[in-house]
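J.: Please work out how this folds:
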Amino acid sequence: MATKIDKEACREAYNLVRDDNTEISWASFKYDGSMIVPGGQGKDYEEFMSQCTDDVRLFGFIRITTGDAMSKRAKFTLITWIGENVSGLQRAKISTDKTLVKDVVQNFAKEFVISDRRELEEDYIKNELKKAGGANYDAQAE
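T.: Numbering: from 1, shown residues only. Okay, the predicted model is just below:
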């Protein structure tokens, strides 16, 4: 059965993360049968990480504030989480299903495909976004 996405509900969650006037910093999109639906949203990255268990596959749209002494800016990332216990067929399908998510989640600085919890750590994601972000005035202080 072909996977579908609840575009309107997912777009609403995506827009909350992008909105500078909300404290929402992440939204997840999970599978409900063959439908991708919003899986949650929140302010604390740890809450997002808690959804990433060994038996699930999901997508996360995350706002991370990066910057240095000169400027702070919001960077966005799309994370595809594939738990260790996810079947081979579901692993294979996630790459085609991601195109549905990208119809909604269109603006992000970097994309990650992660199945190792260490790569899910906020500091790791932040450092990778910093590398992708251009000027880094903090490097002068190091």
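J.: Would you mind listing the buried residues in the lengthiest helix in the chain?
T.: Secondary structure of the chain per DSSP state H: the longest helix is helix 88-104. Of the residues in helix 88-104, 93, 94, 97, 98, 100, 101, 104 count as buried by neighbour count, 16 or more other C-beta atoms under 10 Å. (C-beta placed from N, C-alpha, C; glycine too.)
J.: got any ranges where this structure has weak pLDDT?
T.: 68-69, 133-142 (pLDDT under 70).
J.: which residues in it form helices?
T.: With DSSP H as the criterion, the chain has helices spanning 7-18, 45-51, 88-104, 122-132.
J.: Dump those helices to TSV, plus distance to residue 76.
T.: As requested, the helices of the chain are exported to TSV (distance: least, C-beta to C-beta, whole Å):
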stretch	distance to residue 76
helix 7-18	7
helix 45-51	13
helix 88-104	13
helix 122-132	9
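J.: Nearest to residue 38, out of these?
T.: With C-beta to C-beta, the closest approach to residue 38 among those belongs to helix 7-18: 4.4 Å.
J.: who touches that closest one?
T.: With contacts defined as C-beta atoms under 8 Å, 6 or more residues apart in numbering, helix 7-18 is touched by 22, 24-27, 29, 36-38, 41, 61-63, 76, 101, 103-105, 107.
J.: Among those, name the ones in strands.
T.: Counted as lying in strands by DSSP state E, out of the contacts of helix 7-18, are 26, 27, 29, 36, 37, 38, 41, 61, 62, 63, 76.
J.: pretty sure the first one is in contact with residue 47, am I right?
T.: Read it as residue 26. Yes: in terms of C-beta atoms under 8 Å, residue 26 counts as a neighbour of residue 47; the distance is 7.4 Å.
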